[in-house]
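Chemist: Fold the following and give me the result.
(2 chains)
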2 protein chains.
Amino acid sequence: MTEPASLTTVEREEGAAFLPKFDAHGLLSAVVVDATSGDVLVVAFMNAEALARTRESGRVHFWSRSRGRLWQKGETSGNVLEVEDILVDCDQDALVIRARPAGPTCHTGRRSCFYRRLDPDAPDAHALVKVNT
Amino acid sequence: MTEPASLTTVEREEGAAFLPKFDAHGLLSAVVVDATSGDVLVVAFMNAEALARTRESGRVHFWSRSRGRLWQKGETSGNVLEVEDILVDCDQDALVIRARPAGPTCHTGRRSCFYRRLDPDAPDAHALVKVNT
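Modeler: Predicted coordinates:
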């Protein structure tokens, strides 16, 4: 899925053609949100294969940069993410995937990977506090 | 903000210390959501400076990979994003920023950059349809 050389900004931003813009490493950002609550569950990367597998199977697949391999979210835990809808941003280099989680999305057992927040009241600017997820 | 060599997975995932994990290019993923609706507004990248400026000013700053420079969201349009809260994920390489937008976040004038979705009913797998944002 390479970008046509002739693609204009208007075509990319206003067009009806999905022409995902992968970066120099062949990746784009993928944000998975809970289709019911809208909460962000996990943020990761997809290459063209991960995106194709996600669309074919209806289950979210990512490309792991640290492990250098394709993986289906929940492939070991069973906590897959069933795709409801895929949103595309203006320049087509990021996706928001609305999904139904089969169980906790985070490998720590939490519903979302975003279970901590920066504590603005702490004297130390590097303090995290846990939030309910 | 370099990662201490001794940081364990437990410290990273369960600890109360914010130790952002920047990638090989010095970046982490930043997802801005509307503090009121929870909708994803924009997805971009931050380097250490963009993150520091965001925290100091209370306004979202990003690192533009295409332009190779720091930018404050809304610096030309005035449509800044006022930070409400910053959530951190399990391995500390992605942030969700809950923000109050001063106006449309997308440079196209839309509330969110995610104003199109993949059309699952189209015969062509590359068809996008616009959604209300």
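
Chemist: contacts and neighbour counts: CA atoms only from here.
Modeler: Noted.

Chemist: what about the longest helix in chain A?
Modeler: helix A:48-57 (DSSP state H).

Chemist: now whichever helix or strand comes after it: how far from the chain's centre is it?
Modeler: The C-terminal neighbour of helix A:48-57 among helices and strands, as given by DSSP states H and E, is strand A:61-64. On the basis of CA atoms, centre = their mean, to the nearest Å, strand A:61-64 is displaced by 9 Å from the centre of the chain it belongs to.

Chemist: Strand A:61-64: partners in the sheet, and parallel or antiparallel?
Modeler: Under the criterion DSSP bridges, strand A:61-64 sits next to strand A:69-72 (antiparallel) in its sheet.

Chemist: any idea which helix or strand comes after the partner strand?
Modeler: Per DSSP H and E, the first helix or strand lying C-terminal to strand A:69-72 is strand A:81-88.

Chemist: Return that next one as CSV; C-alpha atoms alone will do.
Modeler: Extracted in CSV, the C-alpha atoms of strand A:81-88 (Å, rounded to 0.1, in the frame of the first residue of the first chain):
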residue,chain,number,x,y,z
LEU,A,81,-10.5,-6.8,20.7
GLU,A,82,-13.4,-7.2,18.2
VAL,A,83,-13.5,-4.3,15.7
GLU,A,84,-16.6,-2.3,15.5
ASP,A,85,-15.4,0.6,13.4
ILE,A,86,-12.2,2.2,12.1
LEU,A,87,-11.7,6.0,12.0
VAL,A,88,-9.0,7.6,9.9
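
Chemist: Now do the longest helix of chain A: which elements does it pack against?
Modeler: Helix A:48-57 sits against strand A:61-64, strand A:69-72, with contacts defined as 3 or more CA pairs under 8 Å, 6 or more residues apart in numbering or on different chains; DSSP states H and E.

Chemist: Can you lay out those as CSV showing mean neighbour count and mean pLDDT?
Modeler: Below are the helices and strands packed on helix A:48-57 laid out as CSV (neighbours: other CA atoms under 10 Å in any protein chain shown; pLDDT from 0 to 100):
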stretch, mean neighbour count, mean pLDDT
strand A:61-64, 22, 98
strand A:69-72, 16, 98
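
Chemist: ok, back up a step: averaged pLDDT, the longest helix of chain A. What do you get?
Modeler: For helix A:48-57, the mean pLDDT works out to 96.

Chemist: now the helices and strands packed on helix A:48-57 in a markdown table, with distance to B:Arg12?
Modeler: A markdown table is the format used below for the helices and strands packed on helix A:48-57 (distance: least, CA to CA, whole Å):
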| stretch | distance to B:Arg12 |
| --- | --- |
| strand A:61-64 | 18 |
| strand A:69-72 | 22 |
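
Chemist: wait, which of those is closest to B:Asn79?
Modeler: Proximity to B:Asn79, assessed across those by CA to CA, is greatest for strand A:61-64 (32.4 Å).

Chemist: what's next to that closest one, contact-wise?
Modeler: Applying CA atoms under 8 Å, 6 or more residues apart in numbering or on different chains, the contact partners of strand A:61-64 are A:44-47, A:50-51, A:53-54, A:69-73.

Chemist: Using CSV, write out the CA atom coordinates for it.
Modeler: The C-alpha trace of strand A:61-64 is given here as CSV (Å, rounded to 0.1, in the frame of the first residue of the first chain):
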residue,chain,number,x,y,z
HIS,A,61,-3.6,-6.9,15.3
PHE,A,62,-0.5,-4.8,16.0
TRP,A,63,3.1,-4.7,15.0
SER,A,64,5.4,-5.0,18.1
